[in-house]
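[1] this one's structure only:
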C-alpha cells in the first residue's frame, strides 16, 4: 500500500500535486505562448504551496534551511486559507487560459490540474470527517516516524533543524488536539477501538530512554538520533554534547507533548462509540460517496462496488480450487485455508534470524525480477529501493507492508517496509506477491518512473490517484507470472490470496460504511473467505473502518488496467506489444481512470494509423 500522498492530501487539501515547482526549473519540452504561460502558472502556484508546507519539502528531499526545522500548520485557520487559495487558483486557471486554444499536451495538463483543484475544493467540506486521530493514518504516528525516516542529518545544521522540530513538538501536538476536538464538537470521533490503539501507539513512542527513568533501552527516537549524530563523525566531545542536547530536547519537548496527547486520547476514547461505519457521522452517506469517488476516480455507488466484489470473490475462489487440486490437497477450500494458516513450514520463525531471512529473501526476489524488466517494459525506473522493517512502535497499527517513495534526486531510495509484529501474517507463500506489489514492478517502479519523466510537469510527476497507484500495484502482482515467477504452486496461491484480499475489500468496505455491518460481521466475512488468519482480517477491517473508500480503489483500478490491456490486444492483434502498453500507462504519470482510458485509446488509434 502507498498511503502517504493521499493521506497528507486529505489533511492539507492539495498535497496530491504538492511537488510541483520547488525542484528547480521544469525540464519540459520547449513551450511557447499560452502553453509556456500555463507552465509558469503551475510553477508559481506550487512554489507558493510548498512554501506553506515545510514537511512536504522534507519528504521530497528539497534543501531549505528555513523550512527544515518546522512542522506543517494544520490549524483551522490554515485549512481555511488553503481552501481560499485553491478557489482562487481555479478561478485564475479558468480566467487566464482557454483549454481549447492550448496544444494537446498542455490541454491535458490543464484538465488534470482543474480536476485536482475541484477535488480539493469539494473535500474542504469534509475536512472534519477525516478523523484527525485514528490508529492507521494518524498524525500522532507520523510525527515520530517523520523524524526517524525523513529528517536526514548530514550536517550540524541538519541536526539543529531536528532539534528545532523536537522542541516545536508541543505546539504541533496542541494543533493536533485542537483538530481532534474541532471534529469531536461536530460529532466526529473515531471508533473506540481505534482510539485505544492510537493511545497505545502514543505511549509506545515514549517508551524507553530518555522518557522513562532508569530505562535500559533507548526509545526508537533516541536510538535514531544517536545513529545520526554518530554518522556525522564529529570529535568525541562534540558528539557527546549534541547527544546530550538531543536527550534533553526529547525529554523536555517531545516527552511532555506526547504525555499530554496520551491524556487527551484517554478522554476522547471515553467519548467514543463502538459504531464503525461513517454512516454514523453527520451526512455520513454523502461523505462515503465522496470517499469512493475520491479514491476510485469513478462515479460508482456502494451497491455497484459491493456486487463487483461478490462476483470477483467467487471467480478467485474457483481459481484457488484449481491450485488446491494441483498440490493434491484432499478437502474443501476452507480446510485448505486452515492448512495454510497452521502448517509451520509456511512461516519464518519469529526470531531475529527469521526476520533477517525474510528480508534477505525479499531482496533476492526483487533483484531477480528487476533483472527481467526488459521483457515487459521499455521505460524502466532508475531509483533504488530498500527493504526494511517498520519501527517497532509503529508495527501494531500498521498494515503488513508499506511503500515510501524516493526523493527525486535519488538521495533517499524508495523504502519497502515489512511488519514483523506477527510472523503468522507474513507467510512464505505470500513473500513474492507482497514484494512485487510494494516495490518492483509495483509501487516503486510506477512512482519512480513518474518522478523521472522530466517531460511532464511536476504536479503530474509527483501526484497520485489511489485507483491508478494501487490499481497498478495489484496489476503488478499478476504481471510477474508472465515473467516466469510463481513457479511454486503455493506461491501462485499466494498471488491469488492477495487478489482475493482486494476483492473482499469491495464487499467489506461497502458493507461497513453503506450496509451498516459491524466490525465483527466484516471480520467474519473476511476470515471465512480467505486464508488470512483472523488477526490479519481484524487488522485489515479496522483499517477500512477509519479509511473509508480507499480499500476499494485497488480492485477497481486493476480491473480497468486489465480491461484496457485486453481492448488493446484485440484491437491491435499481432501488433500488440505489452511493453508499449505499459509505456502508454506509465509515462503519463498517475491520472484518473477516465483519463487513463482516453490515453490508452489514443495510443491504440495512433498505433493502428502508423
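    Thanks, I have the structure now. Here the structure is a predicted model, which is why all the values come from computation and not from measurement.
[2] for the residue in the chain sticking out farthest from the centre, give its distance to residue 223.
    For the chain, the largest distance from the centre (CA atoms, centre = their mean) belongs to residue 237, which lies 41.3 Å off. For residue 237, the distance to residue 223 (CB to CB, to the nearest Å) stands at 21 Å. Where C-beta positions appear, they are placed from N, C-alpha and C, glycine not excepted.
[3] can you check residue 598 too?
    Residue 598 sits at a distance of 50 Å from residue 223 (criterion: CB to CB).
[4] ok so, going back, what about the residue farthest from the centre of the chain, distance to residue 352?
    From residue 237 to residue 352 the distance is 34 Å (CB to CB).
[5] now residue 294
    As judged by CB to CB, residue 294 and residue 352 stand 41 Å apart.
[6] just residue 138 next, same as before
    Per CB to CB, residue 138 is found 29 Å from residue 352.
[7] out of those two, which sits in the busier spot?
    Shown here are residue 138 and residue 352; by other CB atoms under 10 Å, residue 138 has more neighbours (25 against 9).
[8] isn't the more buried one up against residue 201?
    Yes - shown here, residue 138 and residue 201 form a contact pair, counting by CB atoms under 8 Å, at 7.4 Å.
[9] residue 448 and residue 382 touch, don't they?
    Yes - contact criterion CB under 8 Å: residue 448 and residue 382 qualify, at 6.7 Å.
[10] more neighbours, the two?
    residue 448 (24 against 10).
[11] doesn't the more buried one lie inside a helix?
    Yes - assessed by DSSP: H, G, I helix; E, B strand; the rest coil, residue 448 belongs to a helix.
[12] list the contacts of it.
    Applying CB atoms under 8 Å, 6 or more residues apart in numbering, one finds that residue 448 lies in contact with 381, 382, 383, 385, 405, 406, 414.
[13] determine which two of those residues are furthest apart.
    Pairwise distances across the contacts of residue 448 (CB to CB) peak at 13.5 Å, for the pair 382 and 405.
[14] phi, psi of residue 404?
    Dihedral pair for residue 404: phi -120, psi 130, per degrees, to the nearest 10.
[15] pretty sure it sits against residue 414.
    Yes - counting by CB under 8 Å, residue 414 is a contact partner of residue 404 at 6.7 Å.
[16] any buried residues in the host helix or strand of residue 498, and which?
    Using DSSP states H and E, residue 498 sits within helix 489-513. For helix 489-513, a neighbour-count test (16 or more other CB atoms under 10 Å) marks 489-513 as buried.
[17] now that helix: average pLDDT?
    Helix 489-513 carries an average pLDDT of 97.
[18] after it, which helix or strand is next?
    Proceeding N to C from helix 489-513, the next assigned helix or strand is helix 519-528, under DSSP H and E.
[19] show me what that next one is packed against.
    helix 489-513, helix 534-546 (3 or more CB pairs under 8 Å, 6 or more residues apart in numbering; DSSP states H and E).
[20] now do the longest one and helix 519-528, the angle between them.
    When axes from the mean of the first three to the mean of the last three CA atoms, to 10 degrees is applied, the directions of helix 489-513 and helix 519-528 differ by 160 degrees.
[21] got the angle for helix 489-513 vs helix 534-546?
    Between helix 489-513 and helix 534-546, the angle comes out at 40 degrees (the same axes, to 10 degrees).
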